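1. Here is the input, now give the coordinates:
(chains A and B)
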Amino acid sequence: MRYSGFRIIKEALTGHKGWEKAWRNPEPKPDYDFIVIGGGGHGLATAYYLAKEFGQSRIAVLEKGWIGGGNVGRNTTIVRSNYMLDGNEPFYEFSLKLWEGLEQDFNYNAMISQRGIINLYHSDPQRDAFTRRANAMLLNGADAELLNAAQLQKMCPFLDFDNARFPIKGGLLQRRGGTVRHDAVAWGYARGADLRGVDIIQNCEVTGFRITNGRVEGVETTRGYIGAKKIGCAVAGSSGRLMAGAGMRLPIESHVLQAFVSEGLKPVIPGVITFGAGHFYVSQSDKGGLVFGGDIDGYNTYAQRGNLPVVEDVCEGGMAIMPMIGRARLLRMWGGLMDMSMDGSPIIDKTPVDGLFFNGGWCYGGFKATPASGWCFAHLLATDKPHETATAYRFDRFEKGLMIDEKGVGAQPNLH
Amino acid sequence: MIINHPLLGPRDAQEFTYLGDASLINRPDWTADDAGHQFYEYQYLRDNPAGEHRELWFHEQGDRSWLVVTRDTRTHIITNVELAPEFARKAGRSK
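-> Model prediction:
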């Protein structure tokens, strides 16, 4: 069934009896050509593009819980392509272009709202660094504008420009950045993949791999053994746990990132705003809640909850740039698991096991990457070659010294 | 989280900074033939277990000692805390 305005009117007039389930709930088959482990944004996007763009069939997505129940349902919904380094910026710009056409492409309302993202700067050296980043963005076909304090004041009069410690001198604006309804991304990809014959199998946890002579033959799951010619793992947050089953140690630690939402307010924040002297980012949801977050807690964890010191730290960041936020009450907070990689950048690559492919290490930037990650992973699975925008996301970059370290903090995952 | 410091008693985890897996104590032999590969594994690869994890915490806002904390990464429950030099000596290091 195609969704459209006409369809809504027709269903409204006929008692909404014609809506079908958005995806099937199939039993797993004994074997597939492709298995994608992980029914989150990246896994579902991978299956969708495998079927749609690369003409593949006999595909299954295995999800241990329910689809979209992990990080794609837990993030702060921001999309942007304001990176600087060569290995990153073309990939994230590819992703942003896919976001721009996504709703038409998969015929689902993902509420993509390009209301802009502003990175605040607080000193002259930071302005220079942002100028350089803006130029790198422009060279890669993205949009970027540098705002001075007067221009910024027109857009965001509520900011604490004269803060004694971190005065706000301006911002780097990317107008094409914005927010997306995160759950709808998972649902849209799931529906699109299902329509093209992909089996989405929920409540099916992968417990191990069957590997013979260095080649993967299938996966052991809580619903029995399933064979496959090629297997792609897209389980960021749990990558260490899953890949240990294939005998791999990864350049990744699992950490928890918390996010927060305030009570609903009238429209106050025009787009996404990020603090340049600490770690804080905020946007306003369509329901009115201020959605914000900050740093990871900083220690290895697989518990999807954090601790109070970071709550205080994040709220201090908010108070530093917009004291008005102190009037709003916190409604909810939650945590999600991050694959924190050793250089802050992801991995989309083959593994030493034939037929086994890996997608992970997204740190806390995975949501914005969802479409390009799916596309590039599907490209790798279907053709055995990396997509041109993802050639740098290799496992061996750490041993060869080819790190993509946007922050320049080295092999210290909790600082990325 | 509360870390039960062997010398100072229970202290709030906020006083500490976290480095990572306690295997970072075991620096490879730089004179080995494959030292480059060993250092790559030492520096970049992690076991990253879901369960019991030995890890290095630095008491930055306290006595500036390094501790090896044994903690469950699924529950955050800390079961053991030792001074890092003692841990290293038990593992056969001279200091």
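2. how about the residue in the stretch 151-300 of chain A that chain B sits nearest to, secondary structure?
-> Among all residues of the stretch 151-300 of chain A, A:G240 sits closest to chain B, at 3.2 Å; criterion: C-beta to the nearest C-beta. Every residue, glycine included, has its C-beta placed from N, CA and C. Here A:G240 is recorded as helix under DSSP: H, G, I helix; E, B strand; the rest coil.
3. Nearest the geometric middle of the chain, what residue?
-> All of this is about chain A. When C-alpha atoms, centre = their mean is applied to chain A, the residue found nearest the centroid is A:F367 (1.4 Å).
4. think we crossed wires, I meant chain B
-> Nearest to the geometric centre of chain B sits B:L56, at 2.4 Å (C-alpha atoms, centre = their mean).
5. That residue and B:S23 touch, don't they?
-> No - the pair B:L56 / B:S23 is not scored as a contact, 9.4 Å apart, by C-beta atoms under 8 Å.
6. Counting by contacts, list what the helix ranked longest in chain B packs against.
-> When chain B is scanned for its longest helix (criterion: DSSP state H), the result is helix B:35-44. Packing partners of helix B:35-44 (3 or more C-beta pairs under 8 Å, 6 or more residues apart in numbering or on different chains; DSSP states H and E): helix A:397-400.
7. quick one, helices of the chain?
-> As the question left the chain open, I've gone with chain A. A:5-13, A:41-52, A:89-106, A:124-139, A:149-155, A:182-195, A:239-243, A:308-321, A:370-383, A:397-400.
8. I was after chain B.
-> B:35-44, B:84-90.
9. Rebuild those helices as a markdown table, extending it with mean neighbour count and mean pLDDT.
-> Formatted as a markdown table, the helices of chain B follow (neighbours: other C-beta atoms under 10 Å in any protein chain shown; pLDDT from 0 to 100):
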| stretch | mean neighbour count | mean pLDDT |
| --- | --- | --- |
| helix B:35-44 | 15 | 96 |
| helix B:84-90 | 15 | 94 |
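10. can you list those helices in JSON lines and add distance to A:E263?
-> Listed next are these as JSON lines, based on distance: least, C-beta to C-beta, whole Å:
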{"stretch": "helix B:35-44", "distance to A:E263": "43"}
{"stretch": "helix B:84-90", "distance to A:E263": "45"}
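11. The ones you listed: which one's closest to A:G141?
-> Closest of the helices of chain B to A:G141 is helix B:35-44, at 32.0 Å (criterion: C-beta to C-beta).
12. what sits against the residue in chain B positioned nearest to chain A?
-> Nearest residue of chain B to chain A, counting by C-beta to the nearest C-beta: B:N48, 3.2 Å away. Going by C-beta atoms under 8 Å, 6 or more residues apart in numbering or on different chains, B:N48 touches A:G240, A:R241, A:R249, A:L250, A:I252, A:E253, A:S254, A:N300, B:D21.
13. now, among the residues you listed, which is nearest to A:T383?
-> Minimum distance to A:T383 across the contacts of B:N48 is 23.8 Å, recorded for A:L250 (C-beta to C-beta).
14. Can you pull the residues of chain B lying near chain A?
-> Residues of chain B lying close to chain A (C-beta under 8 Å from any C-beta of the partner chain) are B:1, B:12-14, B:17-18, B:20-21, B:37, B:40-41, B:43-50, B:53, B:55, B:71, B:73-76.
15. hmm, back to that, what pLDDT does the model give the residue nearest to the centre of chain A?
-> Note on A:F367: pLDDT of 97.
16. so who does it touch?
-> Counting by C-beta under 8 Å, 6+ apart, A:F367 touches A:G41, A:N71, A:V72, A:N75, A:T76, A:T77, A:I78, A:V79, A:V180, A:H182, A:V185.
17. Out of those residues, list just those in strands.
-> Under the assignment DSSP state E, the contacts of A:F367 contribute A:I78, A:V79 to strands.
18. For chain B, see how far away A:M333 is.
-> Here A:M333 is placed at a distance of 16 Å from chain B (C-beta to the nearest C-beta, to the nearest Å).
19. Pretty sure A:S262 is one of the things that residue touches, is it not?
-> No - using C-beta under 8 Å, A:M333 is not in contact with A:S262; the gap is 10.2 Å.
20. Those two: which has the busier surroundings?
-> Comparing A:M333 with A:S262 by other C-beta atoms under 10 Å in any protein chain shown, the one with more neighbours is A:S262, at 21 against 16.
21. wait, doesn't that one sit right on A:Q284?
-> No - using C-beta under 8 Å, A:S262 makes no contact with A:Q284, being 9.0 Å away.
22. my guess is B:D29 meets B:A35, correct?
-> Yes - counting by C-beta under 8 Å, B:A35 is a contact partner of B:D29 at 6.7 Å.
23. Can you report how many residues neighbour the residue of the stretch 151-300 of chain A closest to chain B?
-> Neighbours around A:G240, by other C-beta under 10 Å: 25.
24. cool, the one 3 residues further on as well?
-> When neighbours are counted by other C-beta under 10 Å, A:M243 registers 22.
25. what do you get for A:L308?
-> So A:L308, with other C-beta under 10 Å, has 11 neighbours.
26. residue contacts, residue 49?
-> I'll assume chain A. Contacts of A:Y49 (C-beta under 8 Å, 6+ apart): A:G374, A:W375, A:A378, A:H379.
27. The chain in question should be chain B.
-> B:P49 is in contact with A:G240, A:R241, A:A244, B:T73, counting by C-beta under 8 Å, 6+ apart.
28. what's the third one in contact with, if anything?
-> When contacts are counted by C-beta under 8 Å, 6+ apart, A:A244 is found next to B:D47, B:P49.
29. so what pLDDT did A:G410 get?
-> On pLDDT, A:G410 comes in at 89.
30. That one and A:M333: what is the separation?
-> Per C-beta to C-beta, to the nearest Å, A:G410 is found 30 Å from A:M333.
31. quick one: low-confidence ranges for chain A?
-> Across chain A, nothing is flagged by pLDDT under 70.
32. which residues in chain B form strands?
-> B:2-5, B:9-12, B:17-21, B:52-58, B:66-72, B:78-83.
33. oh, I was asking about the stretch 301-416 of chain A
-> A:330-341, A:347-350, A:356-360 (DSSP state E, counting those that start in this stretch).
34. Many thanks, I have nothing further to ask.
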